[in-house]
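Asker: sequence plus the predicted model coming up.
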Amino acid sequence: MQRPRISRRRAALAVAGSLALATASLTLQSADAAPAPRPNHLTGTQAAALSRQIAADLATGTAGSYYDAAARKLVVDVVDRATAARVRAAGAEPRTVRHSAAALESARRTLAAEAAVPGTAWSVDPRTNRVVVTADSTVTGAGKEKLDAVVARLGDRVAVKRTAGRLRPLVAGGDAIWGSGVRCSLGFNVTKGGKPYFLTAGHCGNASAGWSASQGGSRIGTTAGSVFPGHDYALVRYTSGTSHPSAVDLYDGGLQDITRAAEATVGEQVQRSGSTTGVNGGEVTGLDATVNYEEGTVEGLIDTTVCAEPGDSGGALFDGDAALGLTSGGSGDCSSGGETFFQPVPDALRAFGAQLP
């Protein structure tokens, strides 16, 4: 990336957390009291908010949800008629499924305990009512036999898909934000204690204590905190005290203003901005995903069809004005497609006590 774009990116990227916390406290009653749109006229943002409300109020009877963009409605998986009636009254469409949330969570725990083979990942797919396991090209021999044995015992609660690529953190040598022999991408600008910082991936923060806007350039920031594996987020403090606006570089000369942080929803159409491949779009396919990198296991990620390549690590996942995630890793590339996982932004904000600039 050329230096002028780096400078614009430094001035452009930011995130907010307060609205996500506020919407999480809403109840089904307050949603019903407001003049809400009809169930088949929900926007993606409205569906996401409704999904969180229903999950909070009806957690024991639901088994996940997803946004049907074509029909403009939120579909909620249920296992009994009473919950179905409450879901319908709340403004979503219930769908009766075989496996409860508890059954799917039990399958996830079994996979974590017995099949955490490097090169595998899994998340719950509410569309199929299964835990979908991804196994990359490195899962062979004893590792494949181990995974196959566990999956066979779990039956139709689990489905396996193979990918020709390799699951890996997307860090690389190159340009953009430069560390000690690595490059990554800025995620979102934040503040902490009135000082300017930015978020990026934890595996980037682990790799370097300092960051520059160009290879061999002057330092623009110092890693203040980093977590990887387990989670995948890092906080970098700017060396200057200059504040940075809340926007994402669209790599076409434009910017996307960011006003809030939000939780992602399955079925949501999203975009990713990164220093290697610019802006690319896709769909959220799973939440609370587990990825078993060679470096260790990371949990609680967003699973997507968005492509990414080495150097995009730490870059921004967003939907309109909402900051959703930080690029962690995945398989494939932006020529053939792939699967990419993201660290949710709200988790990073809470971990570091950070907020909008």
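Answerer: Great, that's in hand.
Asker: longest strand of this structure?
Answerer: What stands out as the longest strand in the chain, according to DSSP state E, is strand 278-293.
Asker: what strands flank that strand, and is each parallel or antiparallel?
Answerer: In the sheet, strand 278-293 lines up against strand 120-125 (antiparallel), strand 269-274 (antiparallel), strand 296-304 (antiparallel) (DSSP bridges).
Asker: surely Leu317 and Phe341 touch.
Answerer: No. Counting by C-beta atoms under 8 Å, Leu317 does not reach Phe341; the two are 9.9 Å apart. Where you see a C-beta, it was placed from the backbone N, CA and C, and this is true even at glycine.
Asker: what is in contact with the two at once?
Answerer: Listed contacts common to Leu317 and Phe341 are Ile302, Thr304; contacts here mean C-beta atoms under 8 Å, 6 or more residues apart in numbering.
Asker: list the buried residues for stretch 292-311?
Answerer: The neighbour-count check on stretch 292-311 (16 or more other C-beta atoms under 10 Å) flags 292-293, 298, 301-311 as buried.
Asker: quick one: mean pLDDT over that stretch.
Answerer: Throughout stretch 292-311, pLDDT has a mean value of 96.
Asker: try stretch 115-130
Answerer: Stretch 115-130 shows an average pLDDT of 96 in the prediction.
Asker: buried set for that stretch?
Answerer: For stretch 115-130, a neighbour-count test (16+ other C-beta under 10 Å) marks 115-127, 129-130 as buried.
Asker: how about the helices in the protein?
Answerer: Remark: helices assigned in the chain by DSSP state H are 3-12, 18-24, 28-33, 44-57, 81-90, 101-114, 141-154, 202-207, 345-352.
Asker: any idea which of these is most buried?
Answerer: Among the helices of the chain, helix 202-207 has the highest mean neighbour count (mean count of other C-beta atoms under 10 Å), at a mean of 26.
Asker: contact partners of that one?
Answerer: Applying C-beta under 8 Å, 6+ apart, the external contacts of helix 202-207 come out as 169, 171, 179-182, 184, 223, 225-229, 231-236, 295, 313-314, 328-329, 343.
Asker: TSV please, covering the buried residues of stretch 292-311 and showing distance to Thr43.
Answerer: Output for the buried residues of stretch 292-311, formatted as TSV (distance: C-beta to C-beta, whole Å):
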residue	distance to Thr43
Asn292	35
Tyr293	35
Val298	30
Leu301	25
Ile302	19
Asp303	22
Thr304	19
Thr305	20
Val306	20
Cys307	25
Ala308	26
Glu309	31
Pro310	34
Gly311	33
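Asker: for Arg98, state which of those is nearest.
Answerer: Asp303 (21.6 Å; C-beta to C-beta).
Asker: next up, the contacts around that closest one.
Answerer: By C-beta under 8 Å, 6+ apart, the neighbours of Asp303 are Ala121, Ser123, Val284, Thr285, Gly286, Leu287, Ala289, Glu339, Phe341.
Asker: of those residues - the most surrounded one?
Answerer: Phe341 (30 neighbours; other C-beta atoms under 10 Å).
Asker: that one touches Ser331, doesn't it?
Answerer: No. Applying C-beta under 8 Å, one finds Phe341 not in contact with Ser331, separated by 9.6 Å.
Asker: for the residue nearest to Ala48 when sequence neighbours are not counted, give its distance to Gln46.
Answerer: What sits nearest to Ala48 in space, not counting adjacent residues and going by C-beta to C-beta, 6 or more residues apart in numbering, is Thr265, at 4.0 Å. Distance, Thr265 to Gln46, using C-beta to C-beta, to the nearest Å: 10 Å.
Asker: burial count for Gly216?
Answerer: Around Gly216 there are 6 other residues, counting by other C-beta under 10 Å.
Asker: from Val182, how far off is it?
Answerer: For Gly216 relative to Val182 (C-beta to C-beta), the value is 14 Å.
Asker: shouldn't Arg72 be in contact with Leu42?
Answerer: Yes. The pair Arg72 and Leu42 passes the contact test of C-beta under 8 Å, sitting 5.5 Å apart.
Asker: so how far is Ala149 from Gly181?
Answerer: 40 Å.
Asker: tell me the contacts of the residue nearest to Gly282 when sequence neighbours are not counted?
Answerer: Spatially, and ignoring its direct neighbours in sequence, Gly282 is nearest to Val306 (3.5 Å; C-beta to C-beta, 6+ apart). Taking C-beta under 8 Å, 6+ apart, we find Val306 in contact with Val270, Gln271, Arg272, Asn280, Gly281, Gly282, Glu283, Leu317, Thr340.
Asker: do that again at 10 Å, thanks
Answerer: Contacts for Val306 (C-beta atoms under 10 Å, 6 or more residues apart in numbering) come out as 269-272, 274, 277, 279-285, 312, 317, 325, 327, 330, 334, 337-342.
Asker: neighbour count: Arg72 and Leu42, which is higher?
Answerer: Remark: of Arg72 and Leu42, Leu42 carries more neighbours, 24 against 17, as counted by other C-beta under 10 Å.
Asker: could you list the domains of the protein?
Answerer: Split into domains by automatic domain parsing, the chain comes to 19-96, 100-357.
Asker: circling back to that earlier point, what is the neighbour count of the residue nearest to Ala48?
Answerer: Counted by other C-beta under 10 Å, the residues lying close to Thr265 total 25.
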